[in-house]
Structures are given as structure tokens and as C-alpha cells.
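>>> dropping the sequence and predicted coords here.
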Amino acid sequence: MHYLKLTIAYDGTDFHGWQMQSGKPTIQGELVSILRRLTQESIAIHGSGRTDAGVHALGQVASFRTQSALSPSEFQRALNALLPPTIRIVAAQETGPDFNARWSALAKTYRYRLYRGKVVPPTIWRYVLHYPFPLDEDRMRDAAARFVGSHDFAAFAASTGSEDDDRERATVREVYAAELVRSPDQEELVFTVRGRSFLRYMVRKMVGTLLDVGRGRLTPDDIDKLYLLKDRSKSGPTVPPQGLCMVSVEHEEAFRIG
């Protein structure tokens with residue numbers, strides 16, 4: 001048996017997210033379909049995170065096991081030849097049996113891009129949220145720094161659809177780093193956050209809250225109040241998915257083969 005790790009980049013615009021869904025194109029679905037063709041096996045592939053519809057990735061990580069004799073480089077070449085050009089296998093490596101893309105993850109880094117210029121260049125419109133209106137960026141940076149640490153992020157998470165499940169789920173998460181900076185060309189405001197794991201829509205709701213701070217609807221001090229309130233209606237809106245990208249995933253030792 002061979003255990004493989006894939007590092008994957010994709011443009012999520014035309015997909016209904018990572019996770020397989022019946023009758024809908026997804027990243028996981030495309031990978032499983034092609035891996036089954038290549039191996040003639042019933043392949044199960046595990047991703048490090050379930051990106052939502054329209055969300056992109058530069059460093060999503062997935063793992064699977066197979067009895068195929070194909071080498072990691074052969075898998076990479078074959079997958080890139082058969083996958084749509086919006087999905088690329090950046091790297092393929094053999095790992096040990098204990099590696100799991102999801103459960104072995106130590107940290108994930110996400111980035112959200114806000115385009116601040118008057119006209120969005122057509123080459124990037126799929127990857128940014130256009131917001132050319134006035135914002136107090138210093139207050140937004142102050143607010144962004146308050147995400148760092150271990151907090152109850154219930155106010156920044158999407159509902160499960162069940163009040164009982166919402167009450168029972170664990171919503172404490174640890175954020176290792178969070179910053180808001182101007183891009184080198186000064187045209188974009190970029191929010192980057194790194195943490196062990198994230199709740200559904202958490203990063204997009206964090207950005208929406210930062211926008212409300214920049215617009216004067218909330219203050220930086222309100223971030224700390226939101227942790228206590230645990231009320232998602234009091235935080236900012238969930239911003240659209242196209243500005244969000246999974247930049248990288250850090251894992252425990254993945255190469256204990258044998």
C-alpha cells in the first residue's frame with residue numbers, strides 16, 4: 001500500500017467548493033474521478049479543509065492511499081494532464097500511513113483580498129472583492145490584531161441550520177496571527193490569518209466585521225465584546241467568497257515511510 005500527499009492549487013470560481021456533492025462540480029469530485037480512472041480502485045481522498053463554493057487555493061493539501069505502482073511524480077503528471085486547467089497538482093509526495101491531510105494539520109493560512117481602486121483589472125476580478133469606498137484602515141488594523149489568541153468565535157461562524165447543534169458545537173479556536181496590510185502596489189487591502197482550524201465562513205465573517213469597523217459601524221473594542229455575546233447577528237456580514245484563498249497548510253511530519 002502506498003500513501004500519497006498532494007498539494008493542490010485551484011480557481012474555485014466554477015466549483016461548488018471542495019467537498020463532493022451529487023450532480024455538482026467540486027474539487028474533491030474531480031480528483032476522485034480521475035484517481036479512480038488511473039488506479040482502477042475506489043479511492044477516498046481527504047482534504048485539509050473544506051473550502052466553500054467560489055473559494056480558491058494555492059496550497060490545499062489532500063491525502064489518499066492506493067495499491068497503484070505509479071510514483072508520486074507520475075501521479076502528478078497524469079493528474080495535471082487530465083484535470084481541468086483550473087485545478088493543478090503543485091506537488092505529489094509519498095508519506096507514511098499515519099499522515100492524514102486533515103487530522104495531521106498544524107496550521108492553515110488564509111488570505112482575503114479587497115481591491116481599493118476605482119476599476120478592477122479584468123485579470124483579477126475573480127479573486128478580489130471590490131470595495132473602493134472610504135475606510136478607516138488604522139482602526140481595521142487595530143481590530144484585526146484582536147483576533148489573535150484563543151477565543152470563542154461563535155459570533156463569526158455560520159449557523160449549522162439547527163439551534164441545538166449550534167449550542168452543542170465547539171466554537172473556541174486559536175488564531176496564531178492576523179494582519180491587515182496594503183499590497184505592494186497599494187491597490188489592495190489584504191487580510192491574512194493563520195490558525196489551527198477555522199469554523200465555516202469564519203474568515204469571511206471576520207473580514208465583514210473588519211469592513212464594519214472601517215465604515216464606523218463597529219469599533220475595535222467591539223471585537224472583544226463579540227466574543228462574549230456569541231451572537232452572529234451582531235458581527236459584520238459574510239463577505240463574498242471570491243476574495244478568499246487558502247494559501248498554505250502546515251502539517252506534522254509526513255514522511256515516516258515504512
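On my side now, so go ahead.
>>> need the next SSE after the lowest-mean-pLDDT helix or strand in the chain, C-terminal direction.
Of all the helices and strands that make up the chain, helix 163-168 has the lowest average by mean pLDDT, DSSP states H and E, namely a mean of 57. Beyond helix 163-168 on the C-terminal side, the first helix or strand identified by DSSP states H and E is strand 172-182.
>>> quick one, the next helix or strand after that next one and strand 172-182 angle?
Taking DSSP H and E as the definition, the helix or strand that follows strand 172-182 towards the C-terminus is strand 188-195. Direction vectors for strand 188-195 and strand 172-182, defined by axes from the mean of the first three to the mean of the last three Cα atoms, to 10 degrees, enclose an angle of 160 degrees.
>>> can you name every helix or strand that strand 188-195 contacts?
Strand 188-195 is packed against strand 105-115, helix 137-145, strand 172-182, helix 202-215, with contacts defined by 3 or more Cβ pairs under 8 Å, 6 or more residues apart in numbering; DSSP states H and E. Just so you know, the C-beta spots here come from the backbone N, C-alpha and C atoms, and that holds for glycine as well.
>>> mind listing what's buried in the shortest one?
Neighbour-count burial for helix 137-145, counted by 16 or more other Cβ atoms under 10 Å, picks out 137, 139-144.
>>> which residues are in contact with Arg111?
190-193, 244-245, 247 (Cβ atoms under 8 Å, 6 or more residues apart in numbering).
>>> how about the buried residues of helix 137-145 in JSON lines, adding pLDDT?
Supplementary listing: the buried residues of helix 137-145 in JSON lines, determined by pLDDT from 0 to 100:
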{"residue": "Glu137", "pLDDT": "97"}
{"residue": "Arg139", "pLDDT": "98"}
{"residue": "Met140", "pLDDT": "98"}
{"residue": "Arg141", "pLDDT": "98"}
{"residue": "Asp142", "pLDDT": "98"}
{"residue": "Ala143", "pLDDT": "98"}
{"residue": "Ala144", "pLDDT": "98"}
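>>> and of those, the nearest to Gly49?
For the buried residues of helix 137-145, the closest approach to Gly49 (Cβ to Cβ) belongs to Ala144, at 20.9 Å.
>>> pretty sure that closest one is touching Ala177, no?
No: taking contacts as Cβ atoms under 8 Å, Ala144 lies outside contact range of Ala177: 10.0 Å.
>>> show me the contacts for the nearest residue to Ile45 once chain neighbours are set aside.
For Ile45, ignoring the flanking residues on the chain, the nearest one in space by Cβ to Cβ, 6 or more residues apart in numbering is Phe64 at 4.3 Å. For Phe64, the contacting residues are 3-4, 6, 35, 43-46, taking Cβ under 8 Å, 6+ apart as the criterion.
>>> from those, keep the buried residues only.
Neighbour-count burial (16+ other Cβ under 10 Å) applied to the contacts of Phe64 gives 3-4, 6, 35, 43, 45-46.
>>> before I go, just wanted to say thanks for your time.
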